[in-house]
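S.K.: Next input, structure requested:
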Amino acid sequence: MEEKRHTSAEYERELQEIKDGLLYLGAMTEKALENGSIALLERNTELARRIVCEDDQIDRLDIALEEKCIRLLALRQPAARDLRFITTAIKITGHLERIGDMAAKIAEKVILLNEIPQIKPYIDLPRMAEIVRGMIRKSMDALVSGDIDLAHRVREEDAVIDQLNDQIFRELLTFMMEDPHKIQVSLYIMQISKSLERIADHAEGIADMVIYMVTGKSVRHQPACAEKE
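M.R.: Model prediction:
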């Protein structure tokens, strides 16, 4: 009986380690995005370079978490809710790792932008970044609390990011048509905007997995409004 209690406690500890690791990884990606906005607004190339270098840490943590999940599946053979949590965790680590990659890509473009004159004040990009950071935070909060309403809100915010991305694209297209000298800088800004849009997609993907974990129902590839009907 003592051995059974010990095994159960150890199993719960392993599950908690995975959850803690996911939260830490989420916080790292959110911080990378926050620093990316600061580096852009303050033209801080050193900070942008640090973001690129720190992406390796995100990659290593992603691998370590995935290995923990696979080991737990193999050795503990979890069932029901625990099984859904572990399989969900594997997919969420993948989303977070790709968010880290996108944050590094944004930082690389910031480094290039800092070497040339600005064509306009940065307003929409920081706004996008703030919304996207909130989406990551909410999706991870939803994971911890099992709050599917919060997960649904993340899914709905993805449409806002899509609209902002389209708005930035149209505005920059006008700049490029009016002045060919603005083409290169406009392309860099477009690439940052597109990276933010892709990060929002990954945050939505995390929210999708949370809904699956809690309800057992997959909402992937379904519009947010349609799924809630």
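S.K.: So for the helix or strand hosting His152, what gets flagged as buried?
M.R.: Element membership of His152, judged by DSSP states H and E, is helix 148-178. The neighbour-count check on helix 148-178 (16 or more other Cβ atoms under 10 Å) flags 148, 150-155, 157-158, 161, 164-165, 168-169, 172, 175-176 as buried. From N, CA and C alone the C-beta is placed, and that goes for glycine too.
S.K.: so what's Ser37 up against?
M.R.: 125-126, 129-130 (Cβ atoms under 8 Å, 6 or more residues apart in numbering).
S.K.: Work out for me the element the residue nearest the centre of the chain sits within.
M.R.: Taking Cα atoms, centre = their mean as the criterion, Ile99 is the residue nearest the geometric centre of the chain, at 4.2 Å. Under the criterion DSSP H and E, the helix or strand holding Ile99 is helix 80-113.
S.K.: Please list only the buried members of the contacts of Ser37.
M.R.: Buried members of those, scored by 16+ other Cβ under 10 Å, are 125, 129.
S.K.: For the contacts of Ser37, give me CSV that also has distance to Ile206 and pLDDT.
M.R.: Listed next are the contacts of Ser37 as CSV, based on distance: Cβ to Cβ, whole Å; pLDDT from 0 to 100:
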residue, distance to Ile206, pLDDT
Leu125, 22, 92
Pro126, 22, 92
Ala129, 17, 95
Glu130, 18, 95
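S.K.: Closest one to Ala104 out of the contacts of Ser37, please.
M.R.: In terms of Cβ to Cβ, no member of these lies closer to Ala104 than Ala129, at 14.2 Å.
S.K.: Quick check: the gap between the closest one and Arg43.
M.R.: In this view, Ala129 and Arg43 are 16 Å apart by Cβ to Cβ, to the nearest Å.
S.K.: And for Glu67?
M.R.: Glu67 sits 39 Å away from Arg43 when distances are taken as Cβ to Cβ.
S.K.: higher neighbour count, these two?
M.R.: Legend: neighbour count by other Cβ atoms under 10 Å for Glu67 and Arg43, higher for Arg43 (14 against 10).
S.K.: Sweet, I'm off.
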